[in-house]
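1. Sequence first, then the predicted structure, then my questions.
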Amino acid sequence: MIKINVAVIVGPTASGKTELSVKLAKYFDGEIVSADSMQIYKDMNIATAKPTVLEQQGIKHHLMDFLDPKDSFSVAEYCTLAHKVIKDISSRNKLPIVVGGTGLYVDSLLNNITFTEIKSDEKLRGDLYKLYEGKGVDYLLAMIKEFDQESYLRLSEQKNIKRIIRCIEVFETTGKTQTQLNEESHRFESPYNTVKIGLKSKDREFLYDRINRRVDMMIDTGLLDEARKFLSSKTSVTSVQAIGYKELALYFDGVMPLEECIGKIKMNTRRYAKRQLTWFLRDESIIWMNIDELSKYEIYNQSIDLIKRNFYNG
RNA sequence: GGCGACAUAGCCAAGUGGUAAGGCACGGGUCUGCAAAACCCUGAUUCCCCAGUUCAAAUCUGGGUGUCGCCU
C-alpha cells in the first residue's frame, strides 16, 4: 500500500502553527488542511484567530471557514471531509499539511478511525439526561454494566455524564457496545505517512503571555462587535463552545465589567492550551520545537529538514 | 487621638472549646460522533504575633501588630 505523505503541525493555541504552516506550504507547494473545530465556522474570525486572507498568503486552506455557526459538527464528519480533501490535494501532486489544535480531530484523521453510521438520536439523549437528573449517574452506570462491562469500568471511574450517555446511546441505536465499536474503529490501517511537528514553549509563562496579548489584540481588532453579532444569531451546540463570545455575554448583559470578562477569556484560553498540551504530549511520534528557545527562522529550517528527510529522502 | 469591626491556603470563605467545610484559581490527568466541550485528581501538622486560662483553643482572656469603618 502506497501511503500519502502528510505533514502535520500541532500544538497549543497561540504557539505559531498558522504562520509556520503557511511558510512550509509555500516551500513545499502544499495546501493546508485545517484541524480546528472552531475555525471551520464562518463569521467566527477574530475569536478563533482564523488566518486572514493576507495571512493565508494565497495558500489554499481547506476545512476552514465553510460552515454556518448554526450547524453542529462532529469528528466523524470532519474525518470524512478531511480524508477526501487530502486525497484530492495529493492527487494534484501537492503536499497536504494538516494544521490544528483539535487533538481529537487530528488523531482520528491520522489513525484512520472508522466511524460506523450512527443516527444521532436527540430524543434518546434527552431521555437519558432526564434519567440522570432523576436517578443519578450510578443508575446509568448500572445500565451500562448490563451490556458492556469494559465500558462500565472505564466510565465509572470518572463519572463523565456526557460520555456515559453517549455509551448508552451507542448501544441503543446500533445494538453494538462501545467497546466493540472501538475495536472495529481500528480496522483499517492509516493511509498516511506522517511527519508530526509540535510547537510548544519550554516555559509555560511564555505561551501564557502570548495568549494574554493575543486576547488583548482581539479586543482591539473588533472582538466585541463580532461577539455581539454571534450572540444575537443562531448558533449550534458546537459553535457556542467557542472561547471569546460566551464570556462577553456577561458584559453585554451588564452583569460583569468588561475587564473581568476579558480576563475570563484569557483564563479559559490558557486552560484550553494546557489541555491541548496534555493531549499532544502523549503522542510520542511528535517532534517538538520550543518557540521560546528557537527563532522562527530556526523552526522553519528544522521543519523543512524534517519533512525533506522523511518524504523526499533528502 | 477616641470608638467599633475584622484578621483562617494564591483569592473568596465556613467554623464561637473536642482536633481546620466548601468554592474559585494554580498544578497534574482523562479523552473514539458537541472536544475551544465534558470530566477526574491535588493543597493549611495549622487559623496575624506573644502570653495566659483549660485535659483540650482558630474558637475564651490580656497585650501587640495590621486592615477597614465611624467619630472628634
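-> Perfect, thanks for sending it. Values in this document were obtained by computation on a predicted structure and should not be read as measured data.
2. Contact partners for the residue in the stretch 101-250 of chain A positioned nearest to RNA strand B?
-> Nearest residue of the stretch 101-250 of chain A to RNA strand B (C-beta to the nearest atom of the strand) works out as A:Val237 at 2.7 Å. To be clear about C-beta, it is placed using only N, CA and C from the backbone, and glycine gets the same treatment. A:Val237 makes contact with A:Ser72 under the criterion C-beta atoms under 8 Å, 6 or more residues apart in numbering.
3. What are the phi and psi values at it?
-> phi -60, psi -30 (degrees, to the nearest 10).
4. where along the stretch 101-250 of chain A do the strands fall?
-> A:192-200 (DSSP state E, counting those that start in this stretch).
5. tell me which element A:Leu277 is part of?
-> Per DSSP states H and E, A:Leu277 falls inside helix A:258-281.
6. tell me the angle that helix makes with strand A:192-200.
-> Counting by axes from the mean of the first three to the mean of the last three C-alpha atoms, to 10 degrees, helix A:258-281 lies at 140 degrees to strand A:192-200.
7. Show me which residues of helix A:258-281 are buried.
-> Using 16 or more other C-beta atoms under 10 Å as the burial criterion, the residues of helix A:258-281 that qualify are A:261-262, A:264-270, A:272-273, A:276-277, A:279-280.
8. ok, and of the residues you listed, which contact RNA strand B?
-> Among those, the ones lying near RNA strand B by C-beta under 7 Å from any atom of the strand are A:Met267, A:Asn268, A:Thr269, A:Arg270, A:Tyr272, A:Gln276, A:Leu277, A:Trp279.
9. Make TSV out of those residues and add pLDDT.
-> Shown next, in TSV, are those (pLDDT from 0 to 100):
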residue	pLDDT
A:Met267	96
A:Asn268	97
A:Thr269	97
A:Arg270	97
A:Tyr272	97
A:Gln276	98
A:Leu277	97
A:Trp279	97
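10. Could I get the full set of helices for the stretch 51-200 of chain A?
-> Secondary structure of the stretch 51-200 of chain A (DSSP state H, counting those that start in this stretch): helices located at A:53-56, A:75-91, A:103-110, A:122-135, A:137-147, A:149-158, A:161-174, A:178-184.
11. Give the other helices and strands that the last one contacts.
-> Using 3 or more C-beta pairs under 8 Å, 6 or more residues apart in numbering; DSSP states H and E as the contact criterion, the secondary-structure elements in contact with helix A:178-184 are helix A:149-158, helix A:161-174.
12. The first one now?
-> Under the contact criterion of 3+ C-beta pairs under 8 Å, 6+ apart, the helices and strands touching helix A:53-56 comprise helix A:17-28.
13. Angles on the backbone of A:Val33, please.
-> With angles defined as degrees, to the nearest 10, A:Val33 sits at phi -110, psi 110.
14. how close does it sit to RNA strand B?
-> Using C-beta to the nearest atom of the strand, to the nearest Å, we find A:Val33 at a distance of 15 Å from RNA strand B.
15. Grab the most central residue of chain A for me.
-> With distances taken as C-alpha atoms, centre = their mean, A:Thr102 lies nearest the centre of chain A, 1.7 Å away.
16. Please report phi then psi for it.
-> Phi and psi for A:Thr102, reported as degrees, to the nearest 10, are phi -90, psi 90.
17. Quick one, grab the pLDDT at the residue lying closest to it once chain neighbours are set aside.
-> What sits nearest to A:Thr102 in space, not counting adjacent residues and going by C-beta to C-beta, 6 or more residues apart in numbering, is A:Ser37, at 4.4 Å. A:Ser37 is assigned a predicted lDDT (pLDDT) of 97.
18. ditto for A:Thr238
-> Confidence at A:Thr238, expressed as pLDDT, is 95.
19. Count the residues that sit near it.
-> When neighbours are defined as other C-beta atoms under 10 Å, A:Thr238 has 17 of them.
20. Could you say which one of the helices and strands packed on helix A:178-184 comes nearest to A:Ser108?
-> helix A:161-174 (15.0 Å; C-beta to C-beta).
21. then that closest one to CSV, C-alphas only?
-> The C-alpha trace of helix A:161-174 is given here as CSV (Å, rounded to 0.1, in the frame of the first residue of the first chain):
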residue,chain,number,x,y,z
ILE,A,161,-22.1,12.2,32.2
LYS,A,162,-21.6,13.2,28.6
ARG,A,163,-19.7,10.0,27.9
ILE,A,164,-22.0,7.8,29.9
ILE,A,165,-25.0,9.0,28.0
ARG,A,166,-23.1,8.5,24.7
CYS,A,167,-22.2,5.0,25.7
ILE,A,168,-25.9,4.0,26.2
GLU,A,169,-26.9,5.9,23.1
VAL,A,170,-24.5,3.9,21.0
PHE,A,171,-25.7,0.6,22.3
GLU,A,172,-29.4,1.6,21.9
THR,A,173,-29.0,2.8,18.3
THR,A,174,-26.5,0.3,16.9
